[in-house]
Every structure is written in C-alpha cells, then in structure tokens.
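Visitor: return atomic coordinates for the entry below.
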Amino acid sequence: MAITLAISGKGGVGKTTVAALVVRWLKENTSGPILALDADPDSNLGPMLGMRVETTIGDLREEVLEQMKNWPAGMSKEAYIQAGLHQLIVEGDGVDLITMGRGEGGACYCFINNLLRKFADDLLPSYRFLVMDNEAGMEHLSRRTTTNVDHLIVVVNDNPMSIDCARRIATLTASMKRDIRRRYYLINGVRPERVGAAIERAAALELEYLGSIPYDPAVEDMVLCGRSVFALDRCPALDEMNRVMSKIGGDQWKSRT
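Guide: Numbering: from 1, shown residues only. The predicted model follows:
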C-alpha cells in the first residue's frame, strides 16, 4: 500500500506549496512512483507541478449525473465512469495527478462516490507514495475523507487563526489513530523576525513539531509567476524540506532507490 502524506491547514498558509515541495522531494530522492491528489477546490497543485489539468473528478461527477437523466440502454454506468476516471489521470515523469475539482452540489452522488472510492482503492497499489493537498479547514477531516494516512502535516504560519485551525484539527484527529498514524505541524513562509513568535504560539499544539520552512523570495516569485516547483534552484525552502522529510522517515525511503 502507498505511503500517504496528507497536507492540511487553514486557507492561505501555503498548503499547496508545501504539497508541491513534498512531491518534488519524493521525485528527486526516491524510486516512486508518486500519485498527487489535488483535493482542494481551488485546484492549484497541477500548475505548481507543471502539469496541465483538462478534466477533474468534479467535472466527471456532474457529467455522469447529467447523462443519467437519459442513459442509453445497454450502457453500463460503472464502465462509463471507470473509463472517465482513467482519462482524468494526468501522467507525468514519475508523478501522476488526479484533481478533485468542484465539490458536490445538492443532488445525490452516492452511487458515483462509491465508484470513486473503489477506483481509488484499486489505483493506490500501483503507487509507492500518495501526496494529498486537502481543502482548507476541517471539512475533509470531519467527513472522514482523509483516512488511512501515514503522515498528516498541518501547515501554519504566524497568523493566530492558522494556529486555532491547527488546534481544532488536532482535537478532531486525536481519536483517529487507526486512520491517521502520525500528526505534525509545520510552520511555513514566516519572515525571520517573526518566526520566534510563530513557534511560541504553536508550541501548545498537540501535534509533533516538524520544522519551519522559511520565507523564501524564490518560492514567492515562483508562485506569483505561475512557475513549476521544479523550476526552483537551490534555495532555503528546499534545504529545509530536506530536513523535514528526513524527520518523517524520508531517509529510509531513500535507501530503497
């Protein structure tokens, strides 16, 4: 089964950037293969990985629901959905991407969602790593869509509201030890003069401290210019990501390359 790393936290803390940095580290330091899952409705992980997304699971869900109104006789709904799901996997060099896209509307999606879960279960054995960029906040956790996670990384910054969100996530996941094996918080994108205050605010979190990815102009320029994380040259953010991944077991994953 794939080693699963899920990235969570309040909106605006740089979750997608962290997820992309994790994917880059895995690609450069392990034998992979890697499945990246963009579960944030904003759907920014693809561009940050330099991968073009044409269709999302949300698009497919709506398309199938519309088709069901006048479904052709003799056509299997399950076969149609399975074919559509395979088409929306964006394949890359050592990294594949699935984008969730927009959330559910007011209609009943139970049949479609059951097929999506089965598809995910069938797909995962083909990958060594799964990296999930989750939607902001706690909805994916309260609905228990983030399950069977080896490493949950809650991203925070120096905004007190991000710490409050992380505290609620810690409380919510405290009883999910069977589903989430290790839980951390990671400080991201804080300027040097404010890092101390951020660490002090986050110290009471009932999560393991993972590290602090510093504010890095190179990363900021990458995001603002819409470039891929793979375009980054050696920079402080990449150096810290090496330490972060080592702390969660990355050195053991390297040994298998």
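
Visitor: can you tell me the average pLDDT over stretch 63-73?
Guide: The average of the pLDDT scores along stretch 63-73 is 69.

Visitor: and what of stretch 152-163?
Guide: Stretch 152-163 comes out with an average pLDDT of 94.

Visitor: for the closest residue in space to residue 136 that isn't next to it in sequence, phi and psi?
Guide: Closest residue to residue 136 apart from its sequence neighbours, by C-beta to C-beta, 6 or more residues apart in numbering: residue 11 at 3.4 Å. To be clear about C-beta, it is placed using only N, CA and C from the backbone, and glycine gets the same treatment. Main-chain dihedrals, residue 11, degrees, to the nearest 10: phi -60, psi 140.

Visitor: is residue 11 in contact with residue 134, as I believe?
Guide: No. Contact between residue 11 and residue 134 fails when scored by C-beta atoms under 8 Å: they sit 10.9 Å apart.

Visitor: which one of these two is surrounded by more residues?
Guide: Counting neighbours by other C-beta atoms under 10 Å for residue 11 and for residue 134 shows that residue 134 has the greater number, 27 against 13.

Visitor: the more buried one bridge partners, please.
Guide: Note on residue 134: beta-bridge partners residue 39, judged by DSSP bridges.

Visitor: per-residue confidence for it?
Guide: For residue 134, the model assigns a pLDDT of 87.

Visitor: same question for the strand with the most length in the chain: list its buried residues.
Guide: In the chain, assigned by DSSP state E, the strand with the most residues is strand 180-190. For strand 180-190, burial by neighbour count (16 or more other C-beta atoms under 10 Å) applies to 180, 182, 183, 184, 185, 186, 187, 188, 189, 190.

Visitor: strand partners of that strand, parallel vs antiparallel please.
Guide: Going by DSSP bridges, the partners of strand 180-190 are strand 149-156 (parallel), strand 208-214 (parallel).

Visitor: put together TSV for those, with distance to residue 119 and mean neighbour count on each row.
Guide: Formatted as TSV, the strands paired with strand 180-190 follow (distance: least, C-beta to C-beta, whole Å; neighbours: other C-beta atoms under 10 Å):
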stretch	distance to residue 119	mean neighbour count
strand 149-156	18	25
strand 208-214	31	19
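
Visitor: could these go into a markdown table alongside distance to residue 87?
Guide: Listed next are the strands paired with strand 180-190 as a markdown table, based on distance: least, C-beta to C-beta, whole Å:
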| stretch | distance to residue 87 |
| --- | --- |
| strand 149-156 | 27 |
| strand 208-214 | 35 |
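
Visitor: identify whichever of those strands lies nearest to residue 32.
Guide: strand 149-156 (15.9 Å; C-beta to C-beta).

Visitor: gap between that closest one and the chain center?
Guide: From the chain centre to the centre of strand 149-156 is a distance of 9 Å (C-alpha atoms, centre = their mean, to the nearest Å).

Visitor: could you point out the helix or strand that follows it?
Guide: helix 160-173 (DSSP states H and E).

Visitor: buried set for that following helix?
Guide: For helix 160-173, by 16+ other C-beta under 10 Å, it's 162, 163, 165, 166, 167, 168, 169, 170, 173.

Visitor: got it, and stretch 214-231?
Guide: By neighbour count with 16+ other C-beta under 10 Å, stretch 214-231 contains the buried residues 214, 215, 216, 219, 222, 223, 229, 230.

Visitor: also stretch 51-70?
Guide: Quick answer for stretch 51-70 (16+ other C-beta under 10 Å): 51, 53, 55, 56, 57, 58, 59, 60, 61, 62, 64, 65.

Visitor: tell me where the model's unsure across the stretch 151-257 of the chain.
Guide: Scanning the stretch 151-257 of the chain for pLDDT under 70 picks out the ranges 177-178, 255-257.
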